[in-house]
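> how would this look folded up:
(2 chains)
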There are 2 protein chains.
Amino acid sequence: MSTDTSCIKKSRGRPKVFDREAALDKAMALFWKHGYEATSMAHLVEATGAKAPTLYAEFTNKEGMFKAVLDRYIARVTQQREACLYCEDRTLEQTLEDYLSLLAEMFTDKETPSGCFMICTSAVLAVSSEDISAMIKMRQSMQEATLVHFLEQRQQKGEIPATTSVRNLAKYLCCIIQGMSISAIENASYEELMQIVKTTLRLLPELKKN
Amino acid sequence: MSTDTSCIKKSRGRPKVFDREAALDKAMALFWKHGYEATSMAHLVEATGAKAPTLYAEFTNKEGMFKAVLDRYIARVTQQREACLYCEDRTLEQTLEDYLSLLAEMFTDKETPSGCFMICTSAVLAVSSEDISAMIKMRQSMQEATLVHFLEQRQQKGEIPATTSVRNLAKYLCCIIQGMSISAIENASYEELMQIVKTTLRLLPELKKN
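So this is what the prediction gives:
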């Protein structure tokens, strides 16, 4: 069996096409598990199964590869999350329930490490890589901006009092989401995160009047 | 000037006594800034100014040194935080205000990196060092246990309805604290964290009835 596999690997037929998306997924798993610092280009070469020159040609260096991974992560989760936020026929309460439940599910998904990839990575990047750190902060503030935009729309529809600061409300929700991500890393189950979601929704009538 | 300093350093008088506490503070700053993985024994030797054999004799290895740092951090913050929680003449609301304000101050203290040392470190340790990761999770759950204990006392005094699950309340407060720590890492100011504290206190009457 092992001889067969080795034959396939060494076959000199059509040259193996570099699968960028698959390589980025493997790289994401590695960065997520071990963090940016502890992951080296050698690890990335090993995990992706690509040749080192291919990775350098495609991404320049580890930082370039990390940026591509981050873009892929954001494109994926943004799509899912925004689809959830922009379901017009759901009330504010229902939409936030859908949104926070989706996050609870994502943060405890057995297919990936716990928590949010960006929050995990940002927690130790403060100093070690200024460039990456700035990039993550910018993306995180985009997340807050998305929530602000959503809440503004709901305020215009009359679902949030006109006097409420939607920015403060968005900041509070972001704080809870970040806390949920860290709780997940510290072994909180989906059910425990859903308890936090439930409490947040129960507080919403008060939370809306800030 | 530099010759003088070098003379002092090289003086053969009394052998320099190893200052364990000072070395641990230097090591803490390093682990906090760069994370566990990216900090090597060579970095620790350089930062503490101690000789490598001294560090190995004292702490065995990097893991041992990190554990000693964590113990020191916990001893320091636990003392401050618990002193704040066990001020008997303050109401529940006042005590939580003191406690959360102290955390907002600590997380944005200019003397140390942003956020909580344990939350920063735990965020990327999930897989890379099982032993340290387990140790941090245990300490974090002690933090939750401290809050549960405090809330139980206040429940007995009648400040929290008897039907309320103080465990759920403690978990919710821990989630907010973790979110505050991550917000601080992502550049939130003391004032922004205090806005979250203010909102949490405003929600407290509702939060207490879970």
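
> confidence score at A:Ser114?
Listed pLDDT for A:Ser114 reads 80.

> so who does it touch?
By CB atoms under 8 Å, 6 or more residues apart in numbering or on different chains, the contact list for A:Ser114 reads A:Phe107, A:Thr108, A:Ala184, A:Ile185, A:Asn187, B:Ala126. Every C-beta, even on glycine, is put in place using the N, C-alpha and C of the backbone.

> Quick one, which of those residues are buried?
Listed as buried from those are A:Phe107, A:Thr108, A:Ala184, A:Ile185, B:Ala126; burial here means 16 or more other CB atoms under 10 Å in any protein chain shown.

> what's the lowest-pLDDT member of these?
When those are compared by pLDDT, B:Ala126 scores lowest at 46.

> And the top helix by length along chain A, what does it pack against?
Secondary structure of chain A per DSSP state H: the longest helix is helix A:130-156. Contact analysis of helix A:130-156 by 3 or more CB pairs under 8 Å, 6 or more residues apart in numbering or on different chains; DSSP states H and E lists helix A:62-85, helix A:92-107, helix A:117-128, helix A:166-185 as its packing neighbours.

> Now that helix: average pLDDT?
85.

> Which positions in that helix come out as buried?
A:132-133, A:135-137, A:139-140, A:143-144, A:146-148, A:150-151, A:153-155.

> repeat for stretch A:79-96
Residues of stretch A:79-96 classed as buried: A:Arg81, A:Cys84, A:Leu85, A:Leu92, A:Thr95, A:Leu96 (neighbour count, 16+ other CB under 10 Å).

> what's the closest of the helices and strands packed on helix A:130-156 to B:Gly49?
Nearest to B:Gly49 among those is helix A:117-128 (20.7 Å), distances taken as CB to CB.

> Distance from the longest helix of chain A to the middle of the chain?
From the chain centre to the centre of helix A:130-156 is a distance of 13 Å (CA atoms, centre = their mean, to the nearest Å).

> quick one: A:Lys48 and chain B, what's the gap?
No, residue A:48 isn't Lys; it's Thr. Distance of A:Thr48 to chain B, given as CB to the nearest CB, to the nearest Å: 18 Å.

> Make a markdown table out of the buried residues of stretch A:79-96 and add distance to chain B.
A markdown table is the format used below for these (distance: CB to the nearest CB, whole Å):
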| residue | distance to chain B |
| --- | --- |
| A:Arg81 | 17 |
| A:Cys84 | 20 |
| A:Leu85 | 19 |
| A:Leu92 | 17 |
| A:Thr95 | 20 |
| A:Leu96 | 15 |
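
> Can you name the two of those residues that sit furthest apart?
A:Arg81 and A:Leu92, at 15.9 Å, using CB to CB across the buried residues of stretch A:79-96.

> Give me the below-cutoff pLDDT ranges for chain A.
Along chain A, segments meeting pLDDT under 70 span A:1-16, A:120-129.

> again, only this time at 80
Applying pLDDT under 80 to chain A flags residues A:1-17, A:33-38, A:88, A:113, A:118-140, A:210.

> Now for the residue nearest to A:Arg72 when sequence neighbours are not counted, how many residues are close by?
In space, and not counting its chain neighbours, A:Arg72 is closest to A:Leu24: 4.9 Å by CB to CB, 6 or more residues apart in numbering or on different chains. Look at A:Leu24: counted by other CB atoms under 10 Å in any protein chain shown, it has 20 neighbours.

> could you point out which element follows the helix or strand where A:Leu24 lies?
A:Leu24 is part of helix A:20-38, with elements assigned from DSSP states H and E. The helix or strand immediately downstream of helix A:20-38 is helix A:41-48, counting by DSSP H and E.

> so how far is that next one from its chain's centroid?
The chain centre lies 22 Å from the centre of helix A:41-48; the measure is CA atoms, centre = their mean.

> Buried residues in that helix, which are they?
Residues of helix A:41-48 classed as buried by neighbour count (16+ other CB under 10 Å): A:Leu44, A:Val45, A:Ala47, A:Thr48.

> Output the helix holding A:Leu24 as CSV, nothing but the C-alphas.
Extracted C-alpha coordinates of helix A:20-38, given in CSV (Å, rounded to 0.1, in the frame of the first residue of the first chain):
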residue,chain,number,x,y,z
ARG,A,20,-3.9,28.1,-3.5
GLU,A,21,-7.1,27.8,-1.6
ALA,A,22,-6.2,24.4,-0.1
ALA,A,23,-2.8,25.7,0.8
LEU,A,24,-4.3,28.7,2.6
ASP,A,25,-6.7,26.4,4.5
LYS,A,26,-3.8,24.3,5.8
ALA,A,27,-1.9,27.5,6.6
MET,A,28,-4.9,28.9,8.5
ALA,A,29,-5.2,25.7,10.6
LEU,A,30,-1.5,26.0,11.5
PHE,A,31,-1.5,29.8,12.4
TRP,A,32,-4.7,29.3,14.4
LYS,A,33,-3.3,26.4,16.4
HIS,A,34,0.1,27.8,17.1
GLY,A,35,-0.1,31.5,16.6
TYR,A,36,1.8,33.7,14.2
GLU,A,37,5.2,33.7,15.9
ALA,A,38,5.5,29.9,16.5
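
> quick one: that helix to helix A:62-85, angle?
If you take axes from the mean of the first three to the mean of the last three CA atoms, to 10 degrees, helix A:20-38 sits at 110 degrees to helix A:62-85.

> Check whether the residue nearest to A:Arg72 really touches A:Phe66, as I assumed.
No: applying CB atoms under 8 Å as the test, A:Leu24 and A:Phe66 come out as separate, 10.1 Å apart.

> What is the neighbour count of A:Thr60?
Using other CB under 10 Å, A:Thr60 has 12 other residues around it.

> what does the one 5 residues further on give?
Counted with other CB under 10 Å, residues neighbouring A:Met65 total 24.

> so it touches A:Thr54, yeah?
No: applying CB under 8 Å as the test, A:Met65 and A:Thr54 come out as separate, 11.4 Å apart.

> which SSE is A:Ala50 in?
Going by DSSP H and E, A:Ala50 is not in any helix or strand.

> what residues are up against it?
Counting by CB under 8 Å, 6+ apart, A:Ala50 makes contact with A:Phe18, A:Ala23.

> Quick check: the gap between it and B:Tyr36.
Separation of A:Ala50 from B:Tyr36 (CB to CB, to the nearest Å): 28 Å.

> how about A:Glu206, what does it touch?
A:Glu206 makes contact with B:Arg202, B:Leu203, B:Glu206, according to CB under 8 Å, 6+ apart.

> What's the separation between it and B:Gln178?
To B:Gln178, A:Glu206 is 22 Å away according to CB to CB.
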